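[1] Sequence plus predicted model, see below.
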Amino acid sequence: MAKLICILGCVLFTVALYLPAGQAQETDPTKNDPREQPVTPYPAPLPAGSSSVLALNSPLGTTEQVQIAGNNRPLSGVQEPTLGPLVGARNFLVPSISVMSQLATSSSASGFSQPTEFSYLLGTLDLNRVSERSELLVHYTGGGMISSYLNSAVQDLEFSYNYKWQRWSLLVGDQASYLSESPFGFGGIGGLAFVNGVLEFGPTLNGSPSQTIPTIMVPRVSNSAVSQIEYKVSPRASWTASGSFGMLNFLGAGFINSTDGTLQTGYNYALSPQSSVAVIYRFDEFRFTYLPERISSHVAQLGYGRYVTGRLSFHIAAGPSVEILQGVLTDSVNRVSWAVNTGLSYQMDRTKLLLSYDHFVSGGSGVLVGAETGQVEATAERKLAPRWRGSASLGYASNQSLVPTTANAGRESYNSWYVAVRVNHELRPGTAFYLGYGARLQAMNFATCVTTNCGTTSVSHEISAGFNFGLRPILFR
């Protein structure tokens, strides 16, 4: 099946690259195709809390802005929908530097038993490059973590490139990271994006390997490569086909490394400029290093999306999931479950709300041989005063094993929570000082971990202080 996924992935690229070229040879360039619709590029979203910086430096000035006509990311696609706000610049590079010092209490799940100080030094680059036919979005964070327990590099890269030609569009993208702990509530402040003092923006690709079971602090490499083609059947309807390949490898003994491949296709139809529906089919396959077990799933979903430009973005896709378990411990077993993906973004005058919920089959986060995973995350950000901003984040994940790790083991389950609150004080546009508090809790139904390095039932607390220094955006013509 892995070979089939690779072959079909190559077919997607071939169709996207050569079919438009063949049509171009058959078309008289002197005649206009009445079916051809003008290409409307979607400008890139701004990072939360940084719109004033870009507006002041925009070549359009502070009053002239670019209007996005709704959200044109298909429901069946690999990118998360956005609010589609008014923006003043479409081509820019935004660099920033972040420094954070943190005191964490003892946590057997993380691996250290005494209060430990952690220091982070990170640099971030956000690149938007948009033209009439193409869009390049890049988000990169790099730096390091220093502590008496572990010194580790921090690397996180996400990019997407979308090219449009008449009715066709091709998207390629990748998410890669090298981290010392799970990105789920990373650093005790709600995630890596919050280290920079702003909500992350950029490609927002789906499909990164799940890591919602906290483990001891150990470096791990995660990568997910995606490709997608889209065809505009009519002004209201479109068809998409996508493929992705992901891997999660731990640089330590006792973990379960995994790979996964996904094929997805769907048909989208716009009921109105604000609402759309979709029919989606997805196939997933998971394999595990040094283990004969294999997990496959077939998912059929109906989707609905609602968008109000600059104010509301809501989407949901839900349906049945048929899972096939094959291996030494399970032989061949079929089970029926359900899958759902939903997200809500709501922007008010002074408050922004983000909410997501997902239920799906995952690779087990390096602890389980496949898992039935459910996770919910919520973030609220509010402007308290002209120079003060507060935010709060909450996350919960439940993982229940699909394949027992030993012949006598039952279905292990892990429940993980995190909560984080933070207050930002803006010193100047793009530069701020912040204080934060975070707590993480993990509970499990086994007295001891089945794998040697997974976390046990535990709770930890983190107190953080940091400084974000945003450099002047570099604008491109």
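    Now that the structure is in, tell me what you want to look at. Just so it is clear, the structure is predicted and the values come from calculations on it, not from any experiment.

[2] Quick one: mean pLDDT for stretch 332-352?
    Averaged across stretch 332-352, pLDDT comes to 92.

[3] what are the ranges of the helices in the protein?
    2-26, 51-57 (DSSP state H).

[4] Comparing those helices, which yields the minimum mean pLDDT?
    Taking the mean pLDDT of those, helix 51-57 comes last: a mean of 32.

[5] Any stretches of the protein with poor pLDDT?
    1-71, 84-89, 106-113, 188-190, 194-202, 329-330, 405-410, 445-457 (pLDDT under 70).

[6] what's near enough to touch Ser210?
    Contact analysis of Ser210 by CB atoms under 8 Å, 6 or more residues apart in numbering lists Phe360, Ser362, Gly363, Gly364, Ser365, Ala371, Thr373, Gln375. Placement of C-beta: from N, CA and C, glycine included.

[7] Kindly reformat the residues you listed as TSV containing distance to Pro219.
    Shown next, in TSV, are the contacts of Ser210 (distance: CB to CB, whole Å):
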residue	distance to Pro219
Phe360	26
Ser362	20
Gly363	18
Gly364	18
Ser365	15
Ala371	22
Thr373	23
Gln375	23
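
[8] Which one of those residues is nearest to Ser275?
    Phe360 (24.7 Å; CB to CB).

[9] okay but that closest one is in contact with Ser337, surely?
    No: using CB atoms under 8 Å as the test, Phe360 is too far from Ser337 to be in contact (9.2 Å).

[10] So which of those two has more stuff around it?
    Phe360 (20 against 15; other CB atoms under 10 Å).

[11] what about that one, distance to Asp174?
    21 Å (CB to CB, to the nearest Å).

[12] Run through the strands of the stretch 151-300 of the chain in chain order.
    Assigned by DSSP state E, counting those that start in this stretch, the strands in the stretch 151-300 of the chain fall at 152-165, 168-179, 220-232, 237-250, 258-270, 275-288, 294-308.

[13] could I get the ones you listed as JSON lines with mean neighbour count and distance to Thr212?
    Converted to JSON lines, the strands of the stretch 151-300 of the chain look like this (neighbours: other CB atoms under 10 Å; distance: least, CB to CB, whole Å):
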{"stretch": "strand 152-165", "mean neighbour count": "18", "distance to Thr212": "17"}
{"stretch": "strand 168-179", "mean neighbour count": "20", "distance to Thr212": "14"}
{"stretch": "strand 220-232", "mean neighbour count": "21", "distance to Thr212": "13"}
{"stretch": "strand 237-250", "mean neighbour count": "21", "distance to Thr212": "12"}
{"stretch": "strand 258-270", "mean neighbour count": "21", "distance to Thr212": "14"}
{"stretch": "strand 275-288", "mean neighbour count": "20", "distance to Thr212": "15"}
{"stretch": "strand 294-308", "mean neighbour count": "20", "distance to Thr212": "17"}
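
[14] Tabulate those (TSV), appending distance to Gly187.
    Below are the strands of the stretch 151-300 of the chain laid out as TSV (distance: least, CB to CB, whole Å):
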stretch	distance to Gly187
strand 152-165	9
strand 168-179	10
strand 220-232	15
strand 237-250	19
strand 258-270	24
strand 275-288	28
strand 294-308	31
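
[15] among those, which is nearest Leu475?
    For Leu475, the closest of the strands of the stretch 151-300 of the chain is strand 152-165, at 19.7 Å, according to CB to CB.

[16] Alpha carbons of stretch 276-293, as PDB, please.
    Taking C-alpha atoms only, stretch 276-293 is exported to PDB below (Å, rounded to 0.1, in the frame of the first residue of the first chain):
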ATOM      1  CA  SER A 276     -20.300  26.100   1.000                       C
ATOM      2  CA  VAL A 277     -20.700  22.300   1.300                       C
ATOM      3  CA  ALA A 278     -18.500  19.400   0.400                       C
ATOM      4  CA  VAL A 279     -18.300  15.600   0.000                       C
ATOM      5  CA  ILE A 280     -15.000  14.100   1.100                       C
ATOM      6  CA  TYR A 281     -13.300  10.700   0.900                       C
ATOM      7  CA  ARG A 282     -10.000  10.000   2.700                       C
ATOM      8  CA  PHE A 283      -7.700   6.900   3.000                       C
ATOM      9  CA  ASP A 284      -5.000   6.700   5.700                       C
ATOM     10  CA  GLU A 285      -2.400   4.100   6.300                       C
ATOM     11  CA  PHE A 286       0.000   3.800   9.200                       C
ATOM     12  CA  ARG A 287       3.100   1.700   9.500                       C
ATOM     13  CA  PHE A 288       5.500   1.300  12.400                       C
ATOM     14  CA  THR A 289       9.300   0.800  12.400                       C
ATOM     15  CA  TYR A 290      10.400  -2.700  13.400                       C
ATOM     16  CA  LEU A 291       6.800  -3.800  14.000                       C
ATOM     17  CA  PRO A 292       4.600  -5.900  11.600                       C
ATOM     18  CA  GLU A 293       1.400  -4.100  12.600                       C
END
